[in-house]
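Enquirer: requesting a structural model of the entry that follows:
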Amino acid sequence: MEKKSLFSGSWYIIEDVNEAVAEALTDGVDPLRSDCYTINGQPGDFAPCSIESTYRWQVEYGKTYLLRLVNAVMNTELYFAIAEHTLTVVGIDGSYVKPIVTDYIMICPGQTMDVLLTSNQSLGRYYMAARQYDSGGGNEDFDKTNVTAILEKLYKPY
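Expert: Numbering: from 1, shown residues only. Here you go, the predicted structure:
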């Protein structure tokens, strides 16, 4: 079984993120929110800076892949899904779990998940997307963008 890792990350448009975090800790407030999120270093094709460099993953039709998801985002849970695909969670933080079949997952900061993905949909391109979870009720100061990557399904003769 082929393995693939996807890393989600935070993108800030400030000079020194460490200084901002230290200041928030000193003041006892929440750290600043990111300007956007990334999948394998790219914000995706909804962000003008990433249209040409959106992360793409090519898979073969009919194969099953072990996908390792890593949430390296600071202080934010993310929902993650792949359009028109189900995910089977088989591991969380390095421990096996009873398989959980779902359309999407929520992954916490610093958490890893091992997910089986079967490439069983029609040939084509499918969005992989993540979005911030926020229960702040009325808090307008959060990143409302979706980070995207593209799953490209190819046919490879055997």
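Enquirer: remind me which residues of this structure are low pLDDT?
Expert: Low-confidence segments of the chain, defined by pLDDT under 70, are located at 51, 135-144, 156-158.
Enquirer: and if we set it to 80?
Expert: Screening the chain residue by residue with the criterion pLDDT under 80, one finds the ranges 30-33, 46-52, 134-145, 154-158.
Enquirer: that one: strands as residue ranges?
Expert: Counting by DSSP state E, residue ranges of the strands within the chain are 2-11, 36-39, 56-60, 64-71, 78-82, 87-92, 95-102, 104-107, 112-118, 124-132, 147-154.
Enquirer: out of the ones you listed, which one sits most buried?
Expert: Mean neighbours per residue, mean count of other CB atoms under 10 Å, is largest over those for strand 36-39, with a mean of 24. No exception for glycine: its C-beta is placed from N, CA and C like everyone else's.
Enquirer: mind checking how far it is from the chain centre?
Expert: In this view, strand 36-39 has its centroid 8 Å away from the chain centroid, taken as CA atoms, centre = their mean, to the nearest Å.
Enquirer: which one, of the strands of the chain, ends up nearest to residue 27?
Expert: strand 2-11 (19.6 Å; CB to CB).
Enquirer: what's the angle from that closest one to strand 56-60?
Expert: Orientation check (axes from the mean of the first three to the mean of the last three CA atoms, to 10 degrees): strand 2-11 against strand 56-60 gives 160 degrees.
Enquirer: strand partners (parallel or antiparallel) of strand 2-11?
Expert: Here strand 2-11 has these sheet partners by DSSP bridges: strand 36-39 (antiparallel), strand 64-71 (parallel).
Enquirer: return the alpha-carbon coordinates of the shortest one using PDB.
Expert: Extracted in PDB, the C-alpha atoms of strand 36-39 (Å, rounded to 0.1, in the frame of the first residue of the first chain):
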ATOM      1  CA  CYS A  36      -4.500  31.600   5.800                       C
ATOM      2  CA  TYR A  37      -3.800  27.800   6.200                       C
ATOM      3  CA  THR A  38      -1.800  25.600   3.900                       C
ATOM      4  CA  ILE A  39      -1.700  22.000   2.700                       C
END
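Enquirer: residues making contact with it?
Expert: Outside strand 36-39, the residues that touch it by CB atoms under 8 Å, 6 or more residues apart in numbering are 6-11, 43-44, 47, 55, 73, 76, 78, 128, 130, 132, 143, 145, 147-149.
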